[in-house]
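S.K.: Fold the following and give me the result.
(chains A, B, C, D and E, ligands or ions: 4)
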Amino acid sequence: MPAVSVSRRRTDAVLRTDTGRLSLILLFTPFALWILLLIVLPQIGIGYLSLQVKLAPRVYEFGLANYFEFLNEPIYWNTLLRTAWISVLVTVLALLVGFPVAYYIAKIARKRSRAALFLLCLIPLWVSDLVRAFGWILLLRETGVFSSLLQGAGLIGEPVELLYNDVTVVMGLVYTVVLFMIVPLVSTMDGMDNALIEAGYNLGGSRFTVLRRIVIPYAMPGIVAGCIIVFMLCAGSYLTPVLLGGKNSMWFTEQIYQQFITRYNWEAGATFGCVLLAFTSLAVWLGLKLTGQNLASTVAKD
Amino acid sequence: MFDLQCDNLTKMFGAFCAVNDVSLEVPSGSFFSILGPSGCGKTTLMRMIAGFETPSGGDIRIKGQSVLSIGPNKRNVKMVFQHLALFPMMDVGENIAYGLRCRGDSKSEIKTRVAAVLDRIGLAGYEGKRISQLSGGQKQRVAIARCMVLEPDVLLLDEPLGALDLKLREHMKIELKQLQHQFNTTFLYITHDQSEALVMSDNVAVMNAGRFEQIGAPEDLYRAPSSAFVAGFVGDSNRWSGTVTALDRDQVKVGLDGGATLVAPLAGGSSGQGGGSSNTGRLSVGDTASVFVRPEALVVTPGLLPDAPDRNRLQGTIDSFLFNGANSRVLVRTSRGELIEVDHRLDGGLSRESVGQDVTLEWPHAGGICFKAED
Amino acid sequence: MFDLQCDNLTKMFGAFCAVNDVSLEVPSGSFFSILGPSGCGKTTLMRMIAGFETPSGGDIRIKGQSVLSIGPNKRNVKMVFQHLALFPMMDVGENIAYGLRCRGDSKSEIKTRVAAVLDRIGLAGYEGKRISQLSGGQKQRVAIARCMVLEPDVLLLDEPLGALDLKLREHMKIELKQLQHQFNTTFLYITHDQSEALVMSDNVAVMNAGRFEQIGAPEDLYRAPSSAFVAGFVGDSNRWSGTVTALDRDQVKVGLDGGATLVAPLAGGSSGQGGGSSNTGRLSVGDTASVFVRPEALVVTPGLLPDAPDRNRLQGTIDSFLFNGANSRVLVRTSRGELIEVDHRLDGGLSRESVGQDVTLEWPHAGGICFKAED
Amino acid sequence: MLLFFLYLAAPLIVAGVFAFNDSNFPALPWNGFTLKWFFGTESPKIGMFHDSRLLRGIGNSLYIGVIVSAMAVAVGTCNAFLFERKQFPFKGFFYILMIVPLVIPGVILGISILVFASMIANGADDAIGIELGMLRPGIPLVILGQFSFLTTITSLVIAARLRKFDTTLEDAALNLGATRFRVLSTITLPFLAPAMFSAFVVAFLVSFENFNTTLMLVGPDAPLTITMYDRMVKVGSTPVLNAVSFFLMVGSGVLALLSVLVNRRKTEE
Amino acid sequence: ETLRLLTWGGYAPDEVIALFEKKYPDIDVEVTFSNNEEMVAKLRATGGAGFDLAQPSVSRIKAAQSEYGIYKPIDISKIDASVIEPVLMDSVKKYATIDGELYSFPHQWGTQGLIVDVSKAPDLKGWTDLCDPKYSGRVSMRLKRGVLLGMAFDMGMNPFDAYDDPAAYQAILDKLEAKLIDCKKNVKAYWTGGDMLSNLMLSGEVVASDAWDSTAFKLYSQNPNIRFVPTRTGALAWIDTFTLPAKGKADDAAYKWINFVNQPEIVTMISKSSGAISAVKGGKELMPDAAREAVNLAFDDAAIANLKVMPSVPAGLEDMEGKVLDRIKAASD
Ligand SMILES: Nc1ncnc2c1ncn2[C@@H]1O[C@H](COP(=O)(O)OP(=O)(O)OP(=O)(O)O)[C@@H](O)[C@H]1O
Ligand SMILES: Nc1ncnc2c1ncn2[C@@H]1O[C@H](COP(=O)(O)OP(=O)(O)OP(=O)(O)O)[C@@H](O)[C@H]1O
Ligand SMILES: [Mg+2]
Ligand SMILES: [Mg+2]
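M.R.: Ligands and ions are numbered 1, 2, ... in the order given. Have a look, this model is predicted:
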């Protein structure tokens, strides 16, 4: 009798873990297919392509020459640095703009209006990058709305060109990415108990102290998540810098696009892609290390 | 000398009056509680005192000085929040040092002060612990220490025990009272748990719907509630409603539906001395009135006894026993179907076997109290 | 006839033993509680009975049949979860009908059954209400109705009152007991609140660290705890530790540090009859032992009385009063600095003015109980 | 705040307003109000509702958006269950892998998929002579490309909701006699429904306006953004583009509003 | 059956498609707009699949075909070649014959030169004039091969001669790089799309730019002051052709399309929307009136004689040019 019950229990246990394993496999398969076929292998693919060196038409050799080429050509890495530097600048600006807005939405606005404000913040998301850039062009060009308004108001005598320079690019980028800063910020700060802030004041903290010692440290995961996303979006953006950029503006993705499309140089394009990926990963990793956060806990927070 | 005074304090949220013309005075070094049901305005009152809300009317004075124009970070009242609001990103030491840093104390001074206060709350050497590593009771103490290290004039506590579990809550009640003795600071304590308020306080204000119903020592509230609300809210009570059939000085005769008649002193009579708004008014014959009687004032006698002139008597049967150690109760079902709770002394003559037995409930006239029914 | 039996049930989580060799028998129609501190394994035990966890050893029988090989959705035990787990996306009627639908009852039958059970819990006509529109107590009742409509052999309740507020909890205690009477179903109730367990149950098992310490009727646990843990956990107790100086049949003499000597009966003697694992063993002279005395067994007499042969006496001064209506306590500080809680009857002779006064605590030898100290 | 919202809205308002400018160029001066850019039938003022190419672009975008969102929600739901409910080795590592697509620049995603697909297609062509048209630039590839990063978004959204799910609800349903499948279909999925819906909406919006990834993968059937880009850069823009923008703004505004309403109703419960 | 056309914006106007579909009800026409580079890139990505008819310039046939094998030979017998202007046909034959097989067929031609608002810059006649400080901040260019070639001719060099000698070509490029970087301060913005150029010119923000003549002719109809200037060294001429992608599936439909668009009335429609001149005999006369006027205004006989037809670009040059262009763009002014 005990033997029977023991063996029955064992089969029961096996059954249970078997169904558990089956469901695990069923759930894991789509994930694995997705990650493997659409992310990992393609990345390896361009990694491989970037190592193909073209010797003559239809003759290739395996090697690092594409990377040397990249290193030897200051334009390329200058473009990369420039892209990185503007991306950082945009990230910082987006944080500066986004933080007060997020704070307002999460902490100051009343419960009722919060959803509406949040929705308003999402306005730019409603239309594509293209339309937004298009709007900026109409707004900022020398004969555009803004310039005309200023003239009409008598503030300036001559039409001014507000388009086609780096400031425009930065502003346009901030515009496109700021809400990706706001969303994680709002969601972390939403989880913050108002009592923490009040306690900060109650114990004698000034506005600044409360902000620096309580609000910011608390919002850190959100800040980091926002910064990562924003930085990546900037570094990977194409339309805004191309459409709003001035005559000096080179953007790394534009460079990649050109290698692929105008120069038919897939090998170089793939190399650039790898470099950009490595570079941005490095930047993100550095950011995480510096702030002591990790990817899973920040980006996936909400 | 009063550490804290509120004069006719009022707070409106739009048309809704959350705190309505409240006045209180808290003597130095005393433990003052505000007791009231959820949503009655306790937190709003406390937030006004701390400076997070601006009163719509009235004045708040700390050590005699009006503080209405002083910002929340400048007032020398510190607050222990309901969920404590310890800063999760700082360790215990930093939490306690926070206020000192804001004040601009020197590093070495902060260090000694933090160590001293931790010692005092029995957590010496805990500076480096993270908040999440503390138990509920320890967090509680850190939250108090964080305020006390700043030597406030008044410490405000907003239901600080609400989040703790039962046994710990019992324990912390006594500990809080002792901490107050130790620091000798004025405590203003908010709770909706009457036993907390009664056990710890020197004075209790019972609040209802934005108003103070009564302010007094715990014993006074319990023995001489000045309103039906206080009688029902503070301590357990059995309650009967009926019609006034006769008035004799402060004694009221109330006729119940079933025909029985109860006699009870009118609240606010010679013994009542609550300072709040007594809404009993004057009773007259024919009014509806409620009689409250505490379970411990009732005596259960086996058998059906006839009415007696010097005491109230009601007949019923024993419905069940609620055994709870020293707090055991007998439930008696009266002939009119009500369930009456009676204190059951362990040494009493009733036992489980008595269920269903006919009994008579009796209590002296003075054992109850009568209020005009609100309508 | 037993509706539920557990035989030597054990549950290991890795190397950690959450439930350790637990046996219990619940007679049909009775109210059985498991009382224990947080984390002692109560929920784990209940989840095994419901079928959500597989026991590591032992057997579970419902109406005499082992159910180990039956899935959780096939066992006829229903469970009321700690936070009720009402389905928020369904209304009251759908919640109650859920189990009936799973069973495949016909539409019309479901309708009548739902209406009937709602009527029984006093919520007739509530079918269409959303869960969020219900009050705490109403949710409670719906959760019970949802199970009862399936006519389970046993209803499991996992701290169902934990989420309610104080006043409501008091009220629901009585209501739950009455619902059990009404449905006449076997209830297995989990709680860490001793007053809930004592008030409602026919039998209580006290659980600690995965084991049952004692099983018995509430009065038995209170009057004759079989272990120091039970004595400390069920009801309030004062506790002294000392060394056994003499043994006389079931009477033990314990010498305290300060020099005083207490006499108390040894637990598990003639009166003790708990079924759990009594860990007192046999005491011998020189062992360390603890004496437990309930606050209501103590009497405070003014003045310093000499030792007496027929009773225990300790000298001290009155430290403070904890006023709490009928549950008021006097704290007496003994010469050795301990704080002793004594029941303070309202009609006793002591008052606030007595603080600081010298008093003597006394209680009959039989008023305490002695356990071998665990080490 | 007001300034900020003005900043947010300005380019959109301008883009919208010029849709009503009676001029061949989307620029000042203002030549008067017209609806021709919506309904016009005569060249050069062909309104968007009569511009077959734009309409086809919208159609393609809708088609791609619906398919891709449905796929992403389906796989996202699986992922949510996988990471919230299951224990398996290297879970942390796989979790990071799941998030990674979010931090790969869209252009690179597009390129890598293009390259990889061409490699396979060329390989298949060379080896066995089968032309795998699916792997050539075109709608299937655009769908795959967008799917690759949208799935991360939907997974995160749905997982967040699943994390809030009280598993005792499932226990309770089981306890009441439901089978596992029934529990899933009557308790868990209804609970997840609002999140799945918002994930769908978000995925749809992002897909609809995606440019970077799509640019690399697009074939003859271009979605709207690419059509508009071509129009702008290669043909020359007319206010018809503003009209489309205006139309999109209204459309996605309505969609966003709808999703908020659905969520609000759900959270109110 | 579907005819998937990979072509330039304006080469397949909707009205023409409608007419074609009316004539051949069983053929659906799908159009993808593109440009030279993208056409090659797309076809490369697909290995020559995905489209049935492409329209790269004749200069983009040889290198792309030898490198990637993306086209298939054209069967000239299926086309009525007699309607084509023989000069153009010969050019195409010259540049697009590989291993004896002809790979493309002429369709439209045009030139690249300068577009000038003559009311504001009446004396701007050559590429190097764009660098005249007089027009500082008032000119634009497209940073592509065209401006390199034009500048080279204007600076007295012949880049076409150096096509087969990378070293010599590099030398030319180095000089061009210096010149264009120096010229950069004059440039308001490098235009990237026809739309951007039109807006710049029409709004008057820019008074001159390099451009395709077709754009200029279109703008002329908006503002008669905006004229095409073939430049003193001669406009660069290009010929857009029809080619069959290697894996195209609807060759018959493609031939039908080619023959269809060479009908005179269709030629006019296409010229109207593209602004370019058809390769059929008398293509200029078939231009819509306004454009014909602009063409006649721009080209006198000398200008036509002075045309520089762009030859096939050898593999590898693209890279060299690309880097120079990148450097110019990256340089600060
Ligand atoms: N900012 C506010 N705006 C509008 N009404 C408010 C606001 N704050 C509080 N109230 C209302 O004022 C009343 C009193 O709230 P308060 O928080 O003071 O109650 P409380 O006594 O502290 O209750 P609890 O015991 O539940 O904490 C409530 O009805 C509440 O809804
Ligand atoms: N799945 C599990 N894996 C590992 N340990 C577990 C698991 N479930 C419970 N435990 C452990 O078993 C012990 C008993 O848990 P259980 O939930 O039964 O306690 P409990 O008595 O119900 O406590 P409470 O009153 O707090 O609900 C705890 O120490 C807990 O940490
Ligand atoms: Mg409150
Ligand atoms: Mg539990």
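S.K.: do you know how far the most centrally placed residue in chain D is from E:Leu124?
M.R.: For chain D, the residue nearest the mean C-alpha position is D:Ser207 (2.0 Å; Cα atoms, centre = their mean). D:Ser207 sits 47 Å away from E:Leu124 when distances are taken as Cβ to Cβ, to the nearest Å. (Glycine included, C-beta is placed from N, CA and C.)
S.K.: Can you check the pLDDT for the residue nearest to the centre of chain D?
M.R.: According to the predicted model, the pLDDT of D:Ser207 comes to 87.
S.K.: Now it, what are its backbone angles?
M.R.: Backbone torsions for D:Ser207, taken as degrees, to the nearest 10, come to phi -60, psi -40.
S.K.: In this model D:Met71 seems to touch it, though I could be wrong.
M.R.: No. Contact criterion Cβ atoms under 8 Å: D:Ser207 and D:Met71 do not qualify, at 10.3 Å.
S.K.: Residues contacting the helix or strand hosting B:Leu168, please?
M.R.: Using DSSP states H and E, the secondary-structure element containing B:Leu168 is helix B:166-183. Applying Cβ atoms under 8 Å, 6 or more residues apart in numbering or on different chains, the set of residues contacting helix B:166-183 from outside is B:31, B:120-121, B:136-137, B:140-141, B:144, B:148, B:155, B:157, B:160-161, B:164, B:187, B:189, B:195-196, B:199-200, C:37, C:192-193, C:320, C:322, C:331.
S.K.: Restricted to buried residues, select these in ChimeraX.
M.R.: What follows is the ChimeraX syntax for the buried subset of these, where burial is set by 16 or more other Cβ atoms under 10 Å in any protein chain shown:
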select /B:31,120,121,137,140,141,144,148,155,157,160,161,164,187,189,195,196,199,200 /C:192,193,320,322,331
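S.K.: Tell me what angle the helix or strand following the helix holding B:Leu168 forms with helix B:166-183.
M.R.: Following the chain from helix B:166-183 toward its C-terminal end, the next helix or strand by DSSP H and E is strand B:186-191. In this structure, strand B:186-191 runs at an angle of 160 degrees to helix B:166-183, with axes from the mean of the first three to the mean of the last three Cα atoms, to 10 degrees as the basis.
S.K.: can you tell me which residues contact whichever residue of the stretch 1-150 of chain E sits closest to ligand 1?
M.R.: When scored by Cβ to the nearest ligand atom, the stretch 1-150 of chain E has E:Gly137 as its residue closest to ligand 1, at 57.7 Å. Taking Cβ under 8 Å, 6+ apart as the definition of contact, the neighbours of E:Gly137 are E:185-188.
S.K.: Okay, strands next: where are they in the stretch 51-200 of chain A?
M.R.: A:52-56, A:59-62 (DSSP state E, counting those that start in this stretch).
S.K.: The ones you listed: which one's closest to C:Ala85?
M.R.: Each of the strands of the stretch 51-200 of chain A was checked against C:Ala85 via Cβ to Cβ, and the shortest separation belongs to strand A:52-56, namely 59.3 Å.
S.K.: Can you list the low-confidence ranges for chain D?
M.R.: In the predicted model of chain D, residues D:1, D:23-30, D:40-48, D:131, D:233-237, D:263-269 satisfy pLDDT under 70.
S.K.: Which parts of it are strands?
M.R.: Remark: strands of chain D, listed N- to C-terminal, are D:41-42, D:45-46; assignment by DSSP state E.
S.K.: My read is that E:Gly69 contacts E:Ala49, right?
M.R.: No. Here E:Gly69 lies out of contact with E:Ala49, judged by Cβ under 8 Å, at a distance of 11.9 Å.
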